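A.B. asks: give me the fold of what follows.
(2 chains)
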Amino acid sequence: MWAELAVTAAKLLAVAVVLLTCVPIMVWVERRGAAFIQDRLGPNRVGPMGLLQPVIDAVKLLFKEDLTPGGVNPVLYTLAPMVSMFVALVTFIVIPFSADAGVEVFGVPLRGIHVAPDLGVGVLYLLAISSLGVYGIVLAGWSSNNKYSLLGGLRSSAQLLSYELSLTLSVLGVILVSGSLNLQEVVARQGPELWKWHAVTQPIGFIVFLTAAFAETNRLPFDLAEAETELVAGYHVEYSSMRFASFFMSEYINIVTISALTVTLFLGGWQVPWLTAQLTGWPLLLVSLAAFAAKVAFLLWLFVWVRWSLPRFRYDQLMQLGWKGLLPLAALNLLIVGVAMSQGWM
Amino acid sequence: MELAVFYVAAVVAVATGVLAVAHRNPVVNVMSLVVTFFCVAVCYALLAAPFLAAAQILVYAGAILVLFLFVVMLLNAPLPTTDQPRKAQRIVGAAAVALVGLGGAALALLVAPAPRAPVAEGTAAAIGRLLVGPHLFAFELVSVLLLAALVGAMVLVKRKA
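C.D. replies: Numbering: from 1, shown residues only, chains lettered A, B, ... in the order given. Below you'll find the predicted structure:
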């Protein structure tokens, strides 16, 4: 029992540290990527290719003054960044980062880099917890006692609720085919063949999910909660120092989590066509982990790419797209999957 | 271990439930209710019903209460100043609530049947089979009821505009 607890704790720690390390790397990728797309240089003074720039940024944020403006609701104002961080940090435990290669560590089966492999309701858990993320933004917007913050918070609560529907509905198609809510089984069902991955069999669902994922993480072209050109910085105008940094970090962690979820649900998870079916033991574990990381890295780059390629939607366009575009498409995908399954094509 | 988790969840659920009614700030009320629902979900998880726990958070804490919060913030509800209930009203109200609560608890303890073995596992598959199997009629009835409520809301809104 204690050995199993220790293995789980070690996995938890390792994944959390890697996730938190992703944040400065993503900041660097974002700034260099933006510069690359806009034909600039980007940060290039600190360290080789500006690689140490995020470290300087982090130190700066840590030592800034932690302001609490007058007129805020102090309890909720303090609670909001904590809620955002909490939600960002507990969602990833159901994601299988590698194959369950049958490897043992100190006599305890490792069961892959997967913190909670036995949680039967994996996908539901992830969707449920991440649906709580909106509270961080809404509370920040309301408690700051600032009209721009309030507008940002209101917009984002409407946006997140609307797109959560499409997101969940598009996941439903995958769950229907997989017959299980456990993500490791969803990956196993997709098999090592490329044409069985859900992105290939359910292209409509994949596109709906990806679009809704951009909206759920408040990224451009859907970043109406921040909208710096009209709302200054939206819900986190009044925040400074590490409390601002918590919002910043939770946004990037959410991007990593939703990319990992996209890979797991639609892009075959940790599998590589042909290759992962040939391996067992430690080689399988390492290869699958590397494949998963590569796929997630590609999606992370896609997030940066889209951000600097598309302008922001207007608010009514956002709602139109969510309710009249994505939701019917997600329902259509579900219908197609249902018919295909009843005819035995899937 | 499980008992300790249960007691923490139960105490927090009751405390935040009281806060949800007693606090004067509507946003704090809604947030307390979120914590209450979260603790109830923990209790479901302890009762080996993970699907119910996830659904509780997904539907209640994640969707319905966000709508509550949205409405509260949009209306920016002013703190009630003029419409304070009288002292007698408060006492009668509190007494009625206490009576119903305690009476219900006593009734449950006195006449409740012995705890039965769980009808089904708390997994999604088991609940799904129950829903579209023996309880199909009730399930469809609820969906029709919800549809009627939706249409009704649309009609009411249209008439005013």
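A.B. asks: in the chain, which residue is closest to the centre?
C.D. replies: No chain specified, so I'll use chain A. By CA atoms, centre = their mean, chain A has its centre lying nearest to residue A:258, at 2.4 Å.
A.B. asks: think we crossed wires, I meant chain B
C.D. replies: With distances taken as CA atoms, centre = their mean, residue B:37 lies nearest the centre of chain B, 6.7 Å away.
A.B. asks: continuing past whatever helix or strand it lives in, what's the next helix or strand?
C.D. replies: Taking DSSP states H and E as the criterion, the element that holds residue B:37 is helix B:26-46. Proceeding N to C from helix B:26-46, the next assigned helix or strand is helix B:50-55, under DSSP H and E.
A.B. asks: touching chain A at all, that next one?
C.D. replies: Yes: using CB under 8 Å from any CB of the partner chain, helix B:50-55 reaches chain A at B:50-51, B:53-55. All C-beta spots, glycine's among them, are computed from the backbone N, C-alpha and C.
A.B. asks: of those - the most surrounded one?
C.D. replies: residue B:54 (27 neighbours; other CB atoms under 10 Å in any protein chain shown).
A.B. asks: need the contact list for the closest residue to it other than its chain neighbours.
C.D. replies: Leaving aside its sequence neighbours, residue B:54 sits nearest to residue A:124 (CB to CB, 6 or more residues apart in numbering or on different chains; 3.9 Å). Contact partners of residue A:124, counting by CB atoms under 8 Å, 6 or more residues apart in numbering or on different chains, are A:181, B:51, B:54-55, B:58, B:124.
A.B. asks: can you check residue A:111 too?
C.D. replies: Neighbour list for residue A:111: A:100, A:117 [criterion: CB under 8 Å, 6+ apart].
A.B. asks: quick one: it is in a helix?
C.D. replies: No: read with DSSP: H, G, I helix; E, B strand; the rest coil, residue A:111 is coil and lies in no helix.
A.B. asks: check whether the strand or helix carrying residue B:8 contacts chain A.
C.D. replies: According to DSSP H and E, residue B:8 maps onto helix B:2-22. No: looking at helix B:2-22 against chain A by CB under 8 Å from any CB, there are no contacts, and the closest approach is 11.6 Å.
A.B. asks: what comes into contact with that helix?
C.D. replies: When contacts are defined by CB under 8 Å, 6+ apart, helix B:2-22 is touched by residues B:28-30, B:32-33, B:35-36, B:39-40, B:42-43, B:46.
A.B. asks: same deal with stretch A:336-346?
C.D. replies: Stretch A:336-346 is touched from outside by A:173, A:176-177, A:201-202, A:204-205, with contacts defined as CB under 8 Å, 6+ apart.
A.B. asks: are any of those residues buried, and if so which?
C.D. replies: Buried subset of the contacts of stretch A:336-346 (neighbour count, 16 or more other CB atoms under 10 Å in any protein chain shown): A:173, A:177, A:201-202, A:204-205.
A.B. asks: among the residues you listed, which are located in helices?
C.D. replies: In this view, those that belong to helices under DSSP state H are A:173, A:177, A:201, A:204-205.
A.B. asks: neighbours of residue A:2, how many?
C.D. replies: Residues within reach of residue A:2, counting by other CB under 10 Å, total 7.
A.B. asks: measure it to residue A:8 for me?
C.D. replies: Using CB to CB, to the nearest Å, residue A:2 is found at 11 Å from residue A:8.
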